[in-house]
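# Below is the structure, and that's it, no one-letter string:
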């Protein structure tokens, strides 16, 4: 289980979707926080780690 990233384009701009395939929060970013998934402009180069399990 790990952090997964997917790059996609929206309105001519590159973005990165970051999520956990283990159904965990991703922790980091700006503002730093805990997210079910993060979507960031690719040029920001934000990094994340896996956090706690997301409650079901």
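Received it, and whenever you're ready, just let me know what you need. Only a predicted model underlies this, so the values are computations on that prediction, with no experimental measurement involved.
# Is the most centrally placed residue in the chain in a helix, a strand, or coil?
In the chain, the centroid-proximal residue (Cα atoms, centre = their mean) is residue 18; its distance is 2.5 Å. Three-state assignment for residue 18 (DSSP: H, G, I helix; E, B strand; the rest coil): strand.
# do the same with the one 4 residues further on
Under the three-state scheme (three-state DSSP), the conformation of residue 22 reads as coil.
# what's near enough to touch it?
1, 2, 50, 53 (Cβ atoms under 8 Å, 6 or more residues apart in numbering). Backbone N, C-alpha and C define where each C-beta goes, glycine included.
# which stretches of this protein form strands?
3-10, 13-20, 24-28, 33-35, 37-41, 48-53 (DSSP state E).
# Throw the ones you listed into TSV and include mean pLDDT, thanks.
Output for those, formatted as TSV (pLDDT from 0 to 100):
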stretch	mean pLDDT
strand 3-10	97
strand 13-20	98
strand 24-28	98
strand 33-35	97
strand 37-41	97
strand 48-53	97
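# Can you tell me, leaving aside adjacent residues, what's nearest to the residue nearest to the centre of the chain?
Nearest non-adjacent residue to residue 18, counting by Cβ to Cβ, 6 or more residues apart in numbering: residue 38, 4.5 Å away.
# Surely the one you found and residue 27 touch.
No - counting by Cβ atoms under 8 Å, residue 38 stays clear of residue 27, with 9.6 Å between them.
# In terms of neighbours, single out the busier of these two.
Between residue 38 and residue 27, counting by other Cβ atoms under 10 Å, residue 38 is the more crowded of the two (21 against 17).
# what's the span of stretch 45-56 from first residue to last?
Between the opening and closing residues of stretch 45-56 lies a distance of 30 Å (Cα to Cα, to the nearest Å).
# Same check on stretch 14-31?
20 Å.
# for stretch 15-35, same thing?
Its first and final residues considered, stretch 15-35 spans 16 Å by Cα to Cα.
# again with stretch 37-52
One end of stretch 37-52 sits 13 Å from the other (Cα to Cα).
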